[in-house]
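[1] Quick one: sequence and predicted model below, then my questions.
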Amino acid sequence: MMSLLFPLCTFFLLCLCIAYWASTAVFLSTSNEAVYKVFNETACQFSGQPCRPETFNTSNITKQCPDAQCLFAFYGGETAYHKYLIVLQFFNVFMFFWLVNFVIALGQVTLAGAFASYYWAFKKPDDMPAFPLFSAFGRALRYHTGSLAFGSLILAIVQVIRVILEYLDHRLKGTKAEMANEGMKEGRGWN
């Protein structure tokens, strides 16, 4: 009967994976340095240049452009860490796929082991372990962790390739639509 409740354990582990991935993604997204730039409504030679909000009111810019403000523009930076943040985000997505696939495979192997211990018992109540689900979970962790991790790795690689190809397909469809619109404006049909 515990096999009816075991998917809740898998669901809980998947929630942990999602929470870890999301917190890491948010950390990576907000770990850049805040970049501030000069914004103003009238023409000013300093418009769009970087500034520091701490010293902006005492700078020469406010004297020459009184309506200028030093406002947040975006997150960025010039260090090696900031340059490779997108690579770290891709690695985070890859690890997310790997962990999710591992947790799903662990749940499937555990349930299969519990059902197999029932099926292969010759004397049904006597030959079965006391807690077939927990013993199957222990066997899965002890003897099959490597196989589960390797199979999850293969699935994660395929899923990352699929995500990249879907992203490229989405980007290329946008480019194709733009080219078709330009061709129609010039009186040519799409070839």
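    Here it is on my side, so go on.

[2] ok now do residue 136, which residues does it touch?
    Listed by C-beta atoms under 8 Å, 6 or more residues apart in numbering, the contact partners of residue 136 are 109, 110, 111, 112, 113, 114, 116, 117. Every C-beta, even on glycine, is put in place using the N, C-alpha and C of the backbone.

[3] right, and residue 62 touches residue 56 too?
    Yes: counting by C-beta atoms under 8 Å, residue 62 does reach residue 56; the two are 6.8 Å apart.

[4] can you tell me the helix or strand for residue 98?
    Per DSSP states H and E, residue 98 falls inside helix 85-119.

[5] Other residues contacting the following helix or strand past that helix?
    Downstream of helix 85-119, the first helix or strand assigned by DSSP H and E is helix 124-127. Helix 124-127 is contacted from outside by 118, 121, using C-beta under 8 Å, 6+ apart.

[6] residues near residue 74, how many?
    Applying other C-beta atoms under 10 Å, we find 9 residues neighbouring residue 74.

[7] actually residue 46, not the one I typed
    Residue 46: 19 neighbours (other C-beta under 10 Å).

[8] sec struct for it, please.
    Classification of residue 46 using DSSP: H, G, I helix; E, B strand; the rest coil returns coil.

[9] was I right about it contacting residue 65?
    Yes: between residue 46 and residue 65 there is a contact under C-beta under 8 Å: 6.1 Å.

[10] what touches both of the two?
    By C-beta under 8 Å, 6+ apart, residue 46 and residue 65 have these common neighbours: 38, 40.

[11] Run through the residues that contact the residue nearest to residue 67 when sequence neighbours are not counted.
    Leaving out its chain neighbours, the residue that sits closest to residue 67 by C-beta to C-beta, 6 or more residues apart in numbering is residue 40, at 5.0 Å. Counting by C-beta under 8 Å, 6+ apart, residue 40 touches 46, 47, 65, 67, 68, 69.

[12] which of the residues you listed count as buried?
    Neighbour-count burial (16 or more other C-beta atoms under 10 Å) applied to those gives 46, 65, 68, 69.

[13] Go through those and name the one nearest residue 134.
    Minimum distance to residue 134 across those is 63.1 Å, recorded for residue 69 (C-beta to C-beta).

[14] ok, the closest one - contacts?
    38, 39, 40, 56.

[15] run the last query once more with 7 Å
    Applying C-beta atoms under 7 Å, 6 or more residues apart in numbering to residue 69 gives the contacts 39, 40.

[16] Tell me how this structure divides into domains.
    Domain segmentation of the chain under the TED database yields 4-31+81-186, 34-75.

[17] farthest residue from the center of this protein?
    The outermost residue of the chain, judged against the average C-alpha position, is residue 123 (48.6 Å), by C-alpha atoms, centre = their mean.

[18] Thanks a lot, see you next time.
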